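Novice: starting from these lines, generate the structure:
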Amino acid sequence: MRYCTPFRLLLAGSGALFAAPLAAAPMTDAEAEALREEVRGLRARLAAIEARLGAGDAPATPPAGKKPAASATEIGWKGSPQFSSEDRSFKVKGRIQADMGYVSSPKGLRDRGLGFSTEMRRIRLGGEGKLGSGFGYKLELELSDNAVDLVDTFVTWEKDRWQVAIGNQNQFQSLDELTGDTSGSVMERAAFTDAFAFERRLGIAVQYRGRDLLLQAGLFSDDIDALSNASDGPEGGDENDSFSIHGRAVYAPKLGTAQLHIGGSAHLRELNRLAELPTRYRQRPYLHSSNSRLLATPNIAVDRELHYGLELAAIQGRWHAVAETHWLDAIGPGPTRRFFGGYAEVGYFLTNDSRPYRGGIFGAAKPSSPLGKGGIGALQLNLRYDYLDLNSGTLRGGRQNGWFAGLVWSPIEYLRFNLNYGYLDYAGAAIPADGRRDYGLHVTGARMELDF
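Specialist: Prediction:
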């Protein structure tokens, strides 16, 4: 053992030290025996220390009143540095999305929001980690639309299959909304998620995650901007006391090698003070960089919103398919207005990869053969049909039928390039073209996105 030599040298030196006085002056038999007994004791203690060090034993328990030595901090890499020590951790998080696109303009329609456009879709920075004893957190700031907002900002507590989260977060509205924007199959989510104003809000949520079952429920107030005391806008101020109740259930069994997803959600929101303000439901021509709303309802009075949706999805090898439907009932002093949206999608990886799925949502693909390591990364082709109907009785907000194709290339993990083409067919558009409200237009878009 590597520890033996120094101790044996020490022991030899001790023997020489004791031998010197013995040679210098005779000792009685009793004194010599006592000295030999002391040397034997030292040898036994040194042998015990050598055995413990050689076997790699843990150090002895520190005496009472003394703190144990701090455990070592491990540093890992998951797109950014990750620090962990026992049940505590911290990871830097960030996101960059840069877009460019083009929306064709039907003859007779002059709108500055159409045509060519570019934008930094999102710049996000934050961190997440664990505090120990089941507690964790996530904090993210995002620059979007030339304003800085809090996005996921909450504290969690987990115990076995349960999780409680308090803070700014999603309300389990739909599979497409909950799937991360850097994990989606096309650049933008389904039209109904934007038209029905899905957004993060401040509240408390509880989740139960079983083997094949996911149950989610929560109570929420409003988004952080609307709750700000510093806001001078009509929707801001601490008197804004709207609240909502949300629930979602997902059954996600395996059928052979196929992953299935069957889900549904229901949501009720009382607008309270916001009910005094007019409400509109509207949607862009797909690209976020276009600020035109070609579908839009007139202003209507809404006291509460009741909406519910269904989700179906399957993953088999390189293939995936997904479909959703969502209804929104806008309830007010007048007649209830019902709007509807949904989409259907199929996707296929041209490389030997598969779409990840975990916790009731889709994830981003990790290329099996990254660029620079013998492959070209992950290449996925997706086709989507997107429908939105903002007509209800005599109220006309327009109807959209959209067909989209998306090619997603992930050369390495955490980095994607997304190229989209779409054709939008409008019936009863909010903005006429030469007096016509029924027309079609073409959309192309490209996005670079880094997510870690």
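Novice: residues in contact with Leu141?
Specialist: The neighbours of Leu141, taking Cβ atoms under 8 Å, 6 or more residues apart in numbering as the test, are Arg124, Leu125, Gly126, Val148, Asp149, Leu150, Val151. Every residue, glycine included, has its C-beta placed from N, CA and C.
Novice: could I get these as JSON lines with neighbour count and pLDDT?
Specialist: Compiled in JSON lines, these are given as follows (neighbours: other Cβ atoms under 10 Å; pLDDT from 0 to 100):
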{"residue": "Arg124", "neighbour count": "20", "pLDDT": "96"}
{"residue": "Leu125", "neighbour count": "14", "pLDDT": "96"}
{"residue": "Gly126", "neighbour count": "19", "pLDDT": "97"}
{"residue": "Val148", "neighbour count": "10", "pLDDT": "88"}
{"residue": "Asp149", "neighbour count": "18", "pLDDT": "90"}
{"residue": "Leu150", "neighbour count": "18", "pLDDT": "90"}
{"residue": "Val151", "neighbour count": "20", "pLDDT": "94"}
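Novice: show only the entries of those found in strands.
Specialist: For those, membership in strands holds for Arg124, Leu125, Gly126, Val148, Asp149, Leu150, Val151, with DSSP state E as the criterion.
Novice: burial of the closest residue to Pro335 other than its chain neighbours, as a residue count?
Specialist: The shortest distance from Pro335 to any non-neighbouring residue, by Cβ to Cβ, 6 or more residues apart in numbering, is to Gly393 (6.6 Å). Neighbour count of Gly393, defined by other Cβ atoms under 10 Å: 9.
Novice: same check on the one 10 residues further on?
Specialist: Residue crowding around Trp403 was assessed by other Cβ under 10 Å; the count is 13.
Novice: what residues are bridge-paired with it?
Specialist: Beta bridges link Trp403 to Tyr385, Tyr423 when assigned by DSSP bridges.
Novice: how close does it sit to Leu271?
Specialist: Taking Cβ to Cβ, to the nearest Å as the measure, Trp403 falls 35 Å from Leu271.
Novice: Thr118 against Leu287, yeah?
Specialist: No - judged on Cβ atoms under 8 Å, Thr118 makes no contact with Leu287 at a distance of 10.3 Å.
Novice: mind listing the shared neighbours of these two?
Specialist: With contacts taken as Cβ under 8 Å, 6+ apart, Thr118 and Leu287 have Asp99, Gly101 as neighbours in common.
Novice: residues near Gln283, how many?
Specialist: Burial of Gln283, expressed as a neighbour count using other Cβ under 10 Å, amounts to 22.
Novice: over to Asn146?
Specialist: Summarising burial for Asn146: neighbours were counted as other Cβ under 10 Å, giving 7.
Novice: before we move on, back to that, and which of the contacts of Leu141 is nearest Pro335?
Specialist: Distance to Pro335, by Cβ to Cβ, is smallest for Asp149 among the contacts of Leu141, at 34.9 Å.
Novice: contact partners for the closest residue in space to Ser174 that isn't next to it in sequence?
Specialist: In this structure, Ser174 finds its nearest non-sequential neighbour in Gly309, 5.3 Å apart by Cβ to Cβ, 6+ apart. By Cβ under 8 Å, 6+ apart, the contact set of Gly309 is Gln173, Ser174, Gly264, Ser265, Glu324, Thr325, His326, Trp327.
Novice: which of those residues fall in strands?
Specialist: Judged by DSSP E, the contacts of Gly309 include Gly264, Ser265, Glu324, Thr325, His326, Trp327 as members of strands.
Novice: most neighbours among those residues, which one is it?
Specialist: Of all those, the highest neighbour tally under other Cβ under 10 Å goes to His326, namely 27 neighbours.
Novice: secondary structure element for the closest residue to it other than its chain neighbours?
Specialist: Using Cβ to Cβ, 6+ apart and skipping residues adjacent in sequence, the residue nearest His326 is Gly309, 3.8 Å away. In this structure, Gly309 is located in strand 304-316 according to DSSP states H and E.
Novice: please point out which parts of that strand sit buried.
Specialist: Using 16 or more other Cβ atoms under 10 Å as the burial criterion, the residues of strand 304-316 that qualify are Arg304, Glu305, His307, Tyr308, Gly309, Leu310, Glu311, Leu312, Ala313, Ala314, Ile315.
Novice: how far off centre is that strand?
Specialist: The chain centroid and the centroid of strand 304-316 are separated by 19 Å, computed with Cα atoms, centre = their mean, to the nearest Å.
Novice: sheet-wise, list the partners of that strand with their directions.
Specialist: Strands that pair with strand 304-316, judged by DSSP bridges, come out as strand 258-270 (antiparallel), strand 319-331 (antiparallel).
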